[in-house]
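Novice: Have a look at this fold, sequence not included:
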């Protein structure tokens with residue numbers, strides 16, 4: 001017996017495959033590739049959801065600042081918030097916007113609350129599942 005053929009490992013360092021192991025790399029690639037694709041899609045969707053939430057908070061805060069100006073009424077914040085959300089994300093995210101006033105440490109504030117869909121598949125998702133709030137001090141005090 002020559003030294004290069006003793007055992008399953010030849011001198012080159014590669015293992016000789018038996019007939020029942022041929023083609024197993026294709027199956028391994030398909031299983032691992034599918035799993036990695038699902039993992040990548042889940043991480044991408046999480047990033048989309050965090051981006052949508054961040055944009056909703058930003059639009060709600062800007063709408064609250066607009067409604068808290070001295071020359072504006074708190075109700076003006078709804079129109080401004082809807083406009084910002086429609087420009088930033090989609091008009092479907094600007095359907096449920098409420099405005100109110102709260103007193104924080106003796107100071108009146110405008111509060112804008114947005115309820116929007118939680119994106120589950122792209123920007124499509126479960127409606128009313130995500131909430132964002134924005135606050136601003138009323139200037140005319």
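Specialist: Thanks, I have it. None of the values given here were measured: they were computed from a predicted structure. Numbers count the residues shown, from 1 in each chain.
Novice: and the helix or strand where residue 31 lies, what's its mean pLDDT?
Specialist: If you go by DSSP states H and E, residue 31 is part of helix 24-67. Mean pLDDT, helix 24-67: 94.
Novice: Quick one: list the elements packing against it.
Specialist: Helix 24-67 is packed against helix 76-88, strand 96-104, strand 107-121, strand 124-137, with contacts defined by 3 or more C-beta pairs under 8 Å, 6 or more residues apart in numbering; DSSP states H and E. Yep, even glycine has a C-beta here, placed from its N, CA and C like the rest.
Novice: same thing but at 7 Å, please
Specialist: With contacts defined as 3 or more C-beta pairs under 7 Å, 6 or more residues apart in numbering; DSSP states H and E, the packing partners of helix 24-67 are helix 76-88, strand 107-121, strand 124-137.
Novice: Take these and lay them out in JSON lines including mean neighbour count.
Specialist: Shown next, in JSON lines, are the helices and strands packed on helix 24-67 (neighbours: other C-beta atoms under 10 Å):
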{"stretch": "helix 76-88", "mean neighbour count": "19"}
{"stretch": "strand 107-121", "mean neighbour count": "19"}
{"stretch": "strand 124-137", "mean neighbour count": "16"}
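Novice: Rebuild the ones you listed as JSON lines, extending it with distance to residue 23 and mean pLDDT.
Specialist: Formatted as JSON lines, the helices and strands packed on helix 24-67 follow (distance: least, C-beta to C-beta, whole Å; pLDDT from 0 to 100):
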{"stretch": "helix 76-88", "distance to residue 23": "50", "mean pLDDT": "96"}
{"stretch": "strand 107-121", "distance to residue 23": "34", "mean pLDDT": "93"}
{"stretch": "strand 124-137", "distance to residue 23": "39", "mean pLDDT": "89"}
